[in-house]
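Asker: sequence and predicted structure below; questions after.
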Amino acid sequence: MKKLLLLILMIICFIGVYSQKIEDLPRAVTSLGPDLLIVDQPDQTRGISVTNFLGAMSSDIVTSGDVTISNLASPNTVVLTPTATGLIDSLETGDVTEVTLDSLNTNYLGINSQIVFENGASISNSETDTLFLTETIVKVDGDLFIEGDLHVTGTESKRADMYLNNNGNPTTMETSGSPIGMIHFTVGDLHDFTFDAGGTGAITAYADFGVAAGDTVTVTDNSHGLSDGDYIVIRGTTNYNGVWQIGLIDVNSFYIVDTWVADDGASDWEEPSYLQLIAGSGEAFQISWHLSAQKGGGASATVMWCAYKNTTPLNKTISQREMPGTDIGSISGGALIASVSGGDRFFMIVQSDNTNDITNKFGALILVQE
């Protein structure tokens, strides 16, 4: 009986010691397949760190699946040192306070999905203070705080300008109160715009284009040089003065959409110098202009300048000046244009309440995308 009791006591002691050793092990070290290792520490093994758990490793950990390390005690830095081009679907900081990419050289870390930052984590580059984001679009949800300078390179905003530099060609104010197209501009800076210096022509006759085309008027000018869809300003008539988009008939004639009244005979047209957006849809632009102009003598006149988009006056850009005799004056205007699309043209007109010429000597028309 004594031997039996002694044997039972020895077995109980052995089980107790063995159970304590098992309790000391990281119970949650689990293998869920050849490519997944999860380390999740309970209170009993909280002191286990990456170093004393993995030890000094002389070889790499190579996996095509997931590696998850959470609840690290010390050290709490994971160093990723890729030796070849690699791709990571997602990188979540979680409880890891620092992720360092060392010795990248010509290699790179590719993020296929997302990087998640929590609790004020950040990205930094202590050597060059430069973070390169090469994707086409970077979207920021929420506030963006920048400390220091912001330098942006890459695709530039759409913009354009044309200017006058000591122009000596007067604008003929042939008809009081009618708009006259401004020409003689020089091309400036163009990004996603085209420029045309414009020109003038002499009209010889007007005719009814016929009911097939609706309310249209044929305009005759031999070898006019215009193209279908061009914008012109007609002056010197009784019935057809104004800004028009033309339809091409042939090299000697074109038509405008207006009610036929009569043949007003000899008159003139101008195609103003213009800036045209190449492509786009519904884009916002800031338009501004400034001019120095001189009146060509005679009685005092109220002179008005305005920027146009196609056949539409941009009324918010209108500026007026009372100009006596040979007065020289400076004028300017500008506005935000809410919707600009590819093919839209921008130009300047001037009109006066008398027929003394106006010479627009210096100035510019400027468009900048918002």
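Answerer: Noted; the coordinates are in hand. Residues are numbered from 1 along each chain as shown.
Asker: pLDDT score for G210?
Answerer: At G210, the model reports a pLDDT of 75.
Asker: residues near it, how many?
Answerer: Using other CB atoms under 10 Å, G210 has 11 neighbouring residues. Bear in mind the C-beta positions are built from the backbone N, C-alpha and C, glycine included.
Asker: wait, what's in contact with the nearest residue to it once chain neighbours are set aside?
Answerer: Counting by CB to CB, 6 or more residues apart in numbering, T216 is the residue found nearest to G210 once chain neighbours are left out, at 7.6 Å. Taking CB atoms under 8 Å, 6 or more residues apart in numbering, we find T216 in contact with 209-210, 247, 255-258, 260.
Asker: can you rerun that using 6 Å?
Answerer: When contacts are counted by CB atoms under 6 Å, 6 or more residues apart in numbering, T216 touches 209, 255, 257.
Asker: lowest-pLDDT helix or strand in the chain?
Answerer: Ranked by mean pLDDT, DSSP states H and E, the weakest helix or strand in the chain is strand 30-31, scoring a mean of 46.
Asker: domain parsing for the chain?
Answerer: What automatic domain parsing lists as the domains of the chain is 28-43+67-150, 155-195+275-370, 199-271.
Asker: start to end distance for the last one?
Answerer: Length of domain 199-271, first residue to last, CA to CA, to the nearest Å: 5 Å.
Asker: begin at 73 from now on, thanks
Answerer: Got it, the first residue is 73 from now on, which makes the last one we talked about domain 271-343.
Asker: N426 and P385, how far apart?
Answerer: As judged by CB to CB, to the nearest Å, N426 and P385 stand 21 Å apart.
Asker: could you do E442 as well?
Answerer: E442 sits 21 Å away from P385 when distances are taken as CB to CB.
Asker: do K433 as well
Answerer: According to CB to CB, K433 stands 23 Å off from P385.
Asker: now swap in F357 and tell me
Answerer: Between F357 and P385 the computed distance is 16 Å (CB to CB).
Asker: which of those two has more neighbours?
Answerer: A count of neighbours by other CB under 10 Å puts F357 above the other of F357 and P385, at 24 against 14.
Asker: that one touches V412, doesn't it?
Answerer: Yes: look at F357 against V412 with CB atoms under 6 Å: they come within range, at 5.0 Å.
Asker: tally of neighbours for Y303?
Answerer: Number of residues near Y303 (other CB under 10 Å) recorded here: 22.
Asker: not including adjacent chain positions, what is the nearest residue to it?
Answerer: Among residues not flanking Y303 along the chain, Q317 sits closest, at 5.4 Å (CB to CB, 6+ apart).
Asker: sorry, back to before: restricted to buried residues, select the contacts of T288 in PyMOL.
Answerer: Command for PyMOL that selects the buried part of the contacts of T288, burial taken from 16 or more other CB atoms under 10 Å:
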select buried, resi 281+327
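Asker: in the helix or strand containing I306, what's buried?
Answerer: When elements are assigned from DSSP states H and E, I306 belongs to strand 303-307. Residues of strand 303-307 classed as buried by neighbour count (16+ other CB under 10 Å): 303-307.
Asker: ok, stretch 235-249 next?
Answerer: For stretch 235-249, the neighbour count (16+ other CB under 10 Å) marks 235-236, 239, 242-245, 247 as buried.
Asker: TSV for these, including secondary structure and pLDDT?
Answerer: Listed next are the buried residues of stretch 235-249 as TSV, based on DSSP: H, G, I helix; E, B strand; the rest coil; pLDDT from 0 to 100:
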residue	secondary structure	pLDDT
Y235	strand	98
L236	strand	98
N239	coil	97
P242	coil	95
T243	strand	94
T244	coil	91
M245	coil	93
T247	coil	90
